[in-house]
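J.: coords please:
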Amino acid sequence: MSTHNENVDDEQPARRERRALKDVSNRTVINGSKGAKAVKAQKRTIKPIANSNLRREVANVKVAKSTKTSTADESKSKPDPPVDTTVAYQYRGPPHDIDDADADDPLCVTSYVQDMYKHYRVKEHETSVLTDYMENQPNITSVHRSVLVDWLVEVHLQFKMVPETLYLTVNLIDRYLAKTEVQKPKLQLVGITSLLIASKYEEYQPPELRDLVHLCDKAYTKSEILDMEEVILKKLDYRITIPSAHAFLVRFLKASHADKKIVQLSCYILDGTLQSYNLLDYLPSQIAAAAVLIARKNAGRNAWSPTLLKYTEYREEDILPIARKVLRAKATASTTLRAVNDKYSKSKYGRVATIKLSLDFLSCLEF
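T.: Residues are numbered from 1 along each chain as shown. Below you'll find the model as predicted:
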């Protein structure tokens, strides 16, 4: 596979590739040559998470009903300032064929990878959720959702799951909440069950039920989780497959010829968008493109190129307003939501969370 798509980790993934064009993965590798015997999976040691009793924490979140979508209303009430679309680069030369170097690698499926992403472009409209479903949730708010996602980031990291599992988990939660009214005490149950469903779909070794019960501080039983699994699957008509923002990010990073720093910055920015309810207004491909744009600018690279234009199908001026919203959401996020920052403050992830993101390319941005 192309060496341009470096993994977030210093090590390579241990198991089979999840997607074409390599994973930007947080998995651990066991190096070996072809034909090596499979390594027996080791039993996990599950450590309790500090805020494992999320049900109590969610219940204690005090948000006036009238302010449930205050952030969304505020952003809509104030028209965004015009974006300065002046670019320092020029489109020179034809775009590169990013799959040519991998033509002989069967894992890159170069013969039909473009068809795959054309299909993703269609499906992302069908599996996305707009930011109006909270209007039909009288018992929970977007703040409760953010707290839940923050906790799930911790759980996901502790289990060392692949990135796709986290993105699918959050999508399942949003699609379920868009269809079903949920009481606050059951929100964590919806979250941990969505993680179970996603891990069965994406992981080589899904977590055991007893581990999930332990992480919830025994707030729910195994039977309750299994019952909720059936409820969620039926409500979603068993439609699990989604083109996530991470799936698009993998492709766009390859088109970006990204080095390790850009990969890590892009993943950090993209993971941070999961907690923002208001960003659901944008398609996964748009959010992924915005993450790459912000990362490239902060790494001192030209934001866009003919190759990125070809493979993202977005111009830089199309993405700038979305990049503004992404950075605004990051700047206004609650300081209590630390999971993503803590994760990317570790050396394993390049400590990119400690980098102060430059806003120079968004000179009209207002906070």
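
J.: Quick check on residue 313: phi, psi?
T.: When read as degrees, to the nearest 10, the backbone of residue 313 gives phi 70, psi 20.

J.: quick one, what contacts it?
T.: The contact partners of residue 313, by C-beta atoms under 8 Å, 6 or more residues apart in numbering, come to 121, 285. Where C-beta positions appear, they are placed from N, C-alpha and C, glycine not excepted.

J.: Next SSE downstream of the worst-scoring helix or strand of the chain on mean pLDDT?
T.: Ranking every helix and strand in the chain by mean pLDDT, DSSP states H and E puts helix 70-77 at the bottom, with a mean of 43. Next helix or strand after helix 70-77 toward the C-terminus (DSSP states H and E): helix 113-127.

J.: Distance from the helix or strand following that following helix to the middle of the chain?
T.: Downstream of helix 113-127, the next assigned helix or strand under DSSP H and E is helix 142-159. Its chain's C-alpha centre lies 12 Å from the corresponding centre of helix 142-159 when counted by C-alpha atoms, centre = their mean, to the nearest Å.

J.: How about stretch 102-114?
T.: Distance of stretch 102-114 from the chain centroid (C-alpha atoms, centre = their mean) equals 24 Å.

J.: what's the span of that stretch, first residue to last?
T.: Length of stretch 102-114, first residue to last, C-alpha to C-alpha, to the nearest Å: 13 Å.

J.: Check the average confidence over it, would you?
T.: Across stretch 102-114, the average pLDDT comes to 90.

J.: again with stretch 273-283
T.: The average pLDDT within stretch 273-283 is 96.

J.: What separates the first and last residues of that stretch, distance-wise?
T.: For stretch 273-283, the separation between the terminal residues is 12 Å (C-alpha to C-alpha).

J.: And it, what's buried?
T.: Residues of stretch 273-283 classed as buried: 273, 274, 275, 276, 277, 278, 279, 280, 281, 282, 283 (neighbour count, 16 or more other C-beta atoms under 10 Å).

J.: Between helix 113-127 and the helix or strand containing residue 251, find me the angle.
T.: In the assignment (DSSP H and E), residue 251 maps to helix 245-255. Relative orientation of helix 245-255 and helix 113-127, computed by axes from the mean of the first three to the mean of the last three C-alpha atoms, to 10 degrees: 150 degrees.

J.: How much space separates residue 205 from residue 159?
T.: From residue 205 over to residue 159 the distance is 9 Å, taken as C-beta to C-beta, to the nearest Å.

J.: do the same with residue 128
T.: 26 Å.

J.: Same question for residue 287.
T.: 24 Å.

J.: what about those two, which has more around it?
T.: Taking other C-beta atoms under 10 Å, residue 287 and residue 159 do not tie; residue 287 has more neighbours (27 against 20).

J.: For the more buried one, report the pLDDT, please.
T.: Looking at residue 287, its pLDDT is 98.

J.: That one: what's it in contact with?
T.: Neighbour list for residue 287: 245, 270, 273, 279, 322, 326 [criterion: C-beta under 8 Å, 6+ apart].

J.: correct me, but the third one touches residue 294?
T.: No: here residue 273 does not reach residue 294: they are 10.6 Å apart, not a contact under C-beta atoms under 8 Å.

J.: who touches both of those two?
T.: Common neighbours of residue 273 and residue 294, using C-beta under 8 Å, 6+ apart, are residue 326.

J.: Any stretches of this structure with poor pLDDT?
T.: In the prediction, the chain carries residues with pLDDT under 70 at positions 1-53, 55-93, 359-367.

J.: What segments of it are strands?
T.: Read by DSSP state E, the chain holds no strands at all.

J.: just the helices in the stretch 251-367 of the chain please.
T.: Ranges of helices within the stretch 251-367 of the chain are 260-273, 284-298, 306-312, 316-332, 339-343, based on DSSP state H, counting those that start in this stretch.

J.: Give the buried residues for the first one.
T.: Which is helix 260-273. Burial within helix 260-273, assessed by neighbour count using 16+ other C-beta under 10 Å, is assigned to 261-273.

J.: circling back to that earlier point, quick one, the helix holding residue 251 and helix 284-298 angle?
T.: Counting by the same axes, to 10 degrees, helix 245-255 points 50 degrees away from the direction of helix 284-298.

J.: Output the contacting helices and strands for helix 245-255.
T.: helix 113-127, helix 163-177, helix 260-273, helix 284-298, helix 306-312 (3 or more C-beta pairs under 8 Å, 6 or more residues apart in numbering; DSSP states H and E).

J.: can you do 7 Å?
T.: Packing partners of helix 245-255 (3 or more C-beta pairs under 7 Å, 6 or more residues apart in numbering; DSSP states H and E): helix 163-177, helix 260-273, helix 284-298, helix 306-312.

J.: Check the offset of the shortest one from the chain's centre.
T.: With C-alpha atoms, centre = their mean as the basis, the distance from the averaged C-alpha position of helix 306-312 to the chain average is 21 Å.

J.: That helix - contacts with which helices or strands?
T.: Against helix 306-312 (3+ C-beta pairs under 7 Å, 6+ apart) you get helix 245-255.

J.: re the thing from before, in TSV: the helices of the stretch 251-367 of the chain, plus distance to residue 254.
T.: Shown next, in TSV, are these (distance: least, C-beta to C-beta, whole Å):
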stretch	distance to residue 254
helix 260-273	10
helix 284-298	10
helix 306-312	8
helix 316-332	17
helix 339-343	23
